[in-house]
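Engineer: give me a 3D structure for the following:
(one chain, ligands or ions: 2)
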Amino acid sequence: MLNHAPSCTKADIKIITKRLSKIIKFGDCVLLEGSLGVGKTEFAKGLMSAFGVRRFACGSPTFPIINEYNYLNKKIAHIDFYRLKNYDEIEDIGIPSYFWDENVIVISEWLNLFPKFERQVMKKANSSIWKVKLEFDKTSPATKRKVSIFTGYH
Ligand SMILES: Nc1ncnc2c1ncn2[C@@H]1O[C@H](COP(=O)(O)OP(=O)(O)O)[C@@H](O)[C@H]1O
Ligand SMILES: [Mg+2]
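Structural biologist: Ligands and ions are numbered 1, 2, ... in the order given. Down below sits the predicted model:
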């Protein structure tokens, strides 16, 4: 485990994402885990703003599954697996290729809903996985989160 912070406010999340953005490389994947409303998208947005990226493409305007961003002439892909039904659908919309592309940083939410695909992703060589587990802090669930970051899966 890289970091375990028991009581993070939104401001702390900003600090963590800023630090993480400095060590993430192209080909890396950030896998965000935790229940609905815990702050996965908030964490992803923190990373995006630390990278200073702007959006250049997206799918459905209301609930896009994949959002792509320009970063240093390469790509950041923010992928939300929540509304995907099965692995066929994942393949049909071309998601696996993002994870095997060394010119892309992938930031995912809910990949853990597809454990078999997640295992494949975690085994991939030549790149790093950053698993970020977010939990509500029971003492102040409205404003604070527990953040655990794991890396070195390969
Ligand atoms: N310490 C915190 N860290 C992250 N989000 C927080 C925190 N405190 C409050 N929030 C709020 O919790 C909500 C998290 O929503 P979101 O990021 O969309 O969750 P998820 O993507 O996990 O479903 C946001 O409205 C955010 O403002
Ligand atoms: Mg979300």
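Engineer: so what pLDDT did the residue in the chain that ligand 1 sits nearest to get?
Structural biologist: Of all residues in the chain, Gly39 sits closest to ligand 1, at 2.8 Å by CB to the nearest ligand atom. C-beta: built from backbone N, CA, C; applies to glycine. We have a pLDDT of 96 for Gly39.
Engineer: ok, it - contacts?
Structural biologist: By CB atoms under 8 Å, 6 or more residues apart in numbering, Gly39 lies in contact with Lys10, Ile13, Leu134, Arg145.
Engineer: let's see it at 6 Å
Structural biologist: Leu134, Arg145 (CB atoms under 6 Å, 6 or more residues apart in numbering).
Engineer: go on, Phe43?
Structural biologist: Applying CB under 6 Å, 6+ apart, the residues contacting Phe43 are Ile13, Leu32.
Engineer: tell me how far it lies from ligand 2.
Structural biologist: 9 Å (CB to the ion, to the nearest Å).
Engineer: so where does that residue fall, helix or strand?
Structural biologist: Element membership for Phe43, per DSSP states H and E: helix 40-51.
Engineer: count of neighbours near Glu68?
Structural biologist: 19 (other CB atoms under 10 Å).
Engineer: quick check on Lys138: phi, psi?
Structural biologist: phi -60, psi -30 (degrees, to the nearest 10).
Engineer: and stretch 4-12, how far from the chain's centre?
Structural biologist: Here stretch 4-12 is found 17 Å from its chain centre; the criterion is CA atoms, centre = their mean, to the nearest Å.
Engineer: any part of that stretch near ligand 1?
Structural biologist: Yes. Remark: stretch 4-12 sits within contact range of ligand 1 at Cys8, Thr9, Lys10, by CB under 6 Å from any ligand atom.
Engineer: buried ones in that stretch?
Structural biologist: Ala5, Cys8 (16 or more other CB atoms under 10 Å).
Engineer: now what about it, what contacts it?
Structural biologist: Asp137, Thr143, Lys144, Arg145, Lys146, Val147, Ser148.
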